[in-house]
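Engineer: have a look at this fold, sequence not included:
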């Protein structure tokens, strides 16, 4: 009897130990499953983050390639523009040399000035060489001078537009019929324009005239010499690119 009781006791202990081992195995298995799921979720998140980084990098690469293409195109356009500008100013230099030769007397007598500026080739005439005081009719003896400029415009600067600008000093209009220096400066610019068109056959669509009155002086109006410099007509031969831009 004692032996039978001992047998059942041993059987119970073995069963209990076996159940405990099974429980531990199930616990470990469950934990491994949960850890595996956590790892799977983390891997999935990391993969999504990596995909986003790769996508962003690709978009940045596309944007940089687009910017590089734009820069290359802009550089090419600028190079073409610069070459065209150089060619245009080269042609204006030829016109400048021809005017230098044609206007030797006027330039020598300081009645005219010739210079290359950012606007283009500028021929400046003192008003006294072209007009009588307070008048806007080109003097007969000045028509030949204007014709010299027109010949260069028609031959050496055929691709350029020409702007004619009238300027005065600050002395108010008293004895003449002009309402103000504005009207006088505009009338003088138009007189030169009509001389170009009617006498020298410069194409009208190449010409423009504007009057600035007393408001763009190049010297002080406090002196007689300064006023003489401010009373002027400027003939601006524009570069061809400027002609195309403002056509």
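Structural biologist: In hand now; what should we look at? What you see is a predicted model; the values in this text were computed from it and never measured. Numbering: from 1, shown residues only.
Engineer: residues touching residue 189, list them.
Structural biologist: 164, 165, 166, 209, 210, 211, 233 (C-beta atoms under 8 Å, 6 or more residues apart in numbering). In short, each C-beta sits where N, CA and C put it, glycine included.
Engineer: looking at those, point me to the pair that's furthest apart.
Structural biologist: 210 and 233 (11.0 Å; C-beta to C-beta).
Engineer: out of those two, which sits in the more crowded spot?
Structural biologist: residue 233 (26 against 13; other C-beta atoms under 10 Å).
Engineer: need the overlap of contacts for residue 210 and residue 233.
Structural biologist: With C-beta under 8 Å, 6+ apart as the test, residue 210 and residue 233 both reach 164, 165, 166, 189.
Engineer: and of these, the nearest to residue 61?
Structural biologist: Closest approach between the shared contacts of residue 210 and residue 233 and residue 61, by C-beta to C-beta: residue 165, at 53.4 Å.
Engineer: specify the beta-bridge partners of that closest one.
Structural biologist: residue 210, residue 234 (DSSP bridges).
Engineer: residues near it, how many?
Structural biologist: With other C-beta under 10 Å as criterion, residue 165 counts 23.
Engineer: repeat for residue 57
Structural biologist: For residue 57, the count of nearby residues is 10 (other C-beta under 10 Å).
Engineer: can I take it that residue 58 is in a helix?
Structural biologist: Yes. According to DSSP: H, G, I helix; E, B strand; the rest coil, residue 58 belongs to a helix.
Engineer: where does residue 70 land on pLDDT?
Structural biologist: pLDDT for residue 70: 75.
Engineer: tally of neighbours for residue 41?
Structural biologist: Neighbourhood size, residue 41 [other C-beta under 10 Å]: 10.
Engineer: sorry, slip of the keys, the one I care about is residue 168.
Structural biologist: Each residue near residue 168 was counted by other C-beta under 10 Å, and the total is 28.
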